[in-house]
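>>> heads up, no residue letters with this:
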């Protein structure tokens, strides 16, 4: 075994002496190029092949042509508008607010309600100002429940007041907007 090791060492040294430092740099460049090719080009070729397959599949389905693709944003917008309650369901919004207040143990006082419609917009805004009484934890739970139950609502502002620093009950005024579908 040692004879083979000595021969291998001798051939290695001789080869390195013959190719010199320029040859070593060249071999290193070849190795780096091979690593680069495998790590970057092969995934790109795979990606191009999958995109070509998708293109062939889309050409095979005549329903997806340029006209249907241009109508896609309108369909998406229509679907988006359908996620909102209809304007006719505005009383249901008030009922949801009242039920959440009862469940969370806060008191709703007489609020202000304004339905705002913008001519070409398909969404109407129902602006609500609610005076609420309760402790901080229950107020927070109430607002959390409203935002969970009514995904089409947003809280615009909240104001808190206490009569004395030692009071646990807060007087809050919540301004919110509920977005409703005009169709």
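Cool, got the structure. The structure displayed is predicted, hence computed values, not measured ones.

>>> need the longest helix for this protein.
In the chain, assigned by DSSP state H, the helix with the most residues is helix 2-36.

>>> next, the contact list for residue 161, please.
By CB atoms under 8 Å, 6 or more residues apart in numbering, residue 161 lies in contact with 170, 171, 172. All C-beta atoms are positioned from the backbone trio N, CA, C, and that covers glycine.

>>> reformat the residues you listed as TSV; add neighbour count, pLDDT and distance to residue 138.
TSV is the format used below for those (neighbours: other CB atoms under 10 Å; pLDDT from 0 to 100; distance: CB to CB, whole Å):
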residue	neighbour count	pLDDT	distance to residue 138
170	18	89	9
171	16	90	13
172	20	92	10
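
>>> could you pull out the strands in this structure for me?
In the chain, the strands defined using DSSP state E lie at 107-108, 112-116, 123-135, 153-161, 169-181.

>>> partners of the shortest one, with directions?
When you say that, I think you mean strand 107-108. Strand 107-108 pairs in its sheet with strand 123-135 (antiparallel), by DSSP bridges.

>>> now do the buried residues in the strand it pairs with.
Buried positions in strand 123-135, judged by neighbour count with 16 or more other CB atoms under 10 Å: 123, 124, 125, 126, 128, 130, 132, 134.

>>> run through the bridge partners of the closest residue to the fourth one other than its chain neighbours.
On the basis of CB to CB, 6 or more residues apart in numbering, the spatially nearest residue to residue 126 that is not a chain neighbour turns out to be residue 178, at 4.2 Å. Each beta-bridge partner of residue 178 is listed here, defined by DSSP bridges: residue 126, residue 153.

>>> tally of neighbours for residue 178?
Residue neighbour count, defined by other CB atoms under 10 Å, stands at 24 for residue 178.

>>> who's in contact with it?
85, 90, 93, 125, 126, 128, 150, 152, 153.

>>> need the pLDDT of it.
What the model reports for residue 178 is a pLDDT of 90.

>>> and what of the one 3 residues further on?
Listed pLDDT for residue 181 reads 86.

>>> quick check: it vs residue 140, distance?
Residue 181 is 29 Å from residue 140, where distance means CB to CB, to the nearest Å.

>>> swap in residue 156?
The value you get for residue 156 to residue 140, if CB to CB is used, is 17 Å.

>>> same question for residue 19.
Residue 19 is 75 Å from residue 140, by CB to CB.

>>> low-confidence ranges in the chain?
Applying pLDDT under 70 to the chain flags residues 1, 61-71, 119.
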